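>>> need a 3D model of the following:
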Amino acid sequence: MRCVIARYPFDLTKDGVLQSMKGVTPEPVTGESVTIGRRRYPVKQVGEVVTRQDRRDFSGAEVTRAMTRLGFTCHPHPDAEPAPAPDATPVQTASALLGGTPTQDV
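Model (predicted):
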């Protein structure tokens, strides 16, 4: 798969990433991470090993996007708050205020 990380094009494959990360000890996860094999690596560490670039040259989002497209499981920052539940529609709010049962839109 062709992807651009830090303005440079790379041809990455799932097997190539697995081979690159083979034998690499994972650093402690403090931010976004990706599961490769049975190990969980910080995305910046994976980006550095796979692209051979300095971590300051690319963002974690670029690596996360590439790893997701290759089929790896990516994880958000451990302290990230989950997305808020969507608010009720005005019709659902009015129905609840009038004592009706909330309905799902069909």
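
>>> contacts, neighbours, all on C-alpha from now
OK.

>>> check which helix or strand covers the nearest residue to residue 31 once chain neighbours are set aside.
Excluding the flanking residues, the one nearest residue 31 by Cα to Cα, 6 or more residues apart in numbering is residue 77, at 4.4 Å. Residue 77 is part of no helix or strand, with elements assigned from DSSP states H and E.

>>> can you tell me which residues contact residue 77?
30-33 (Cα atoms under 8 Å, 6 or more residues apart in numbering).

>>> pull out the buried residues from the longest helix belonging to the chain.
The single longest helix within the chain, with elements called by DSSP state H, is helix 60-70. Across helix 60-70, burial judged by 16 or more other Cα atoms under 10 Å covers 60, 62-64, 66-67.

>>> element containing the residue most central in space within the chain?
The residue lying closest to the centre of the chain (Cα atoms, centre = their mean) is residue 74, at 4.0 Å. Assigned by DSSP H and E, residue 74 belongs to strand 73-75.

>>> just residue 100 next, same as before
Going by DSSP H and E, residue 100 is not in any helix or strand.

>>> and it, how far is that from residue 25?
57 Å (Cα to Cα, to the nearest Å).

>>> before we move on, what about residue 17?
14 Å.

>>> ok, the two, which is more surrounded?
residue 17 (19 against 11; other Cα atoms under 10 Å).

>>> contact partners for that one?
Residue 17 neighbours (Cα under 8 Å, 6+ apart): residue 50.

>>> could you give me the average pLDDT of whatever helix or strand it lives in?
Secondary structure assignment for residue 17, by DSSP H and E: helix 14-21. For helix 14-21, the mean per-residue pLDDT is 94.

>>> I'd assumed residue 41 was in a strand, is it?
Yes - according to DSSP: H, G, I helix; E, B strand; the rest coil, residue 41 belongs to a strand.
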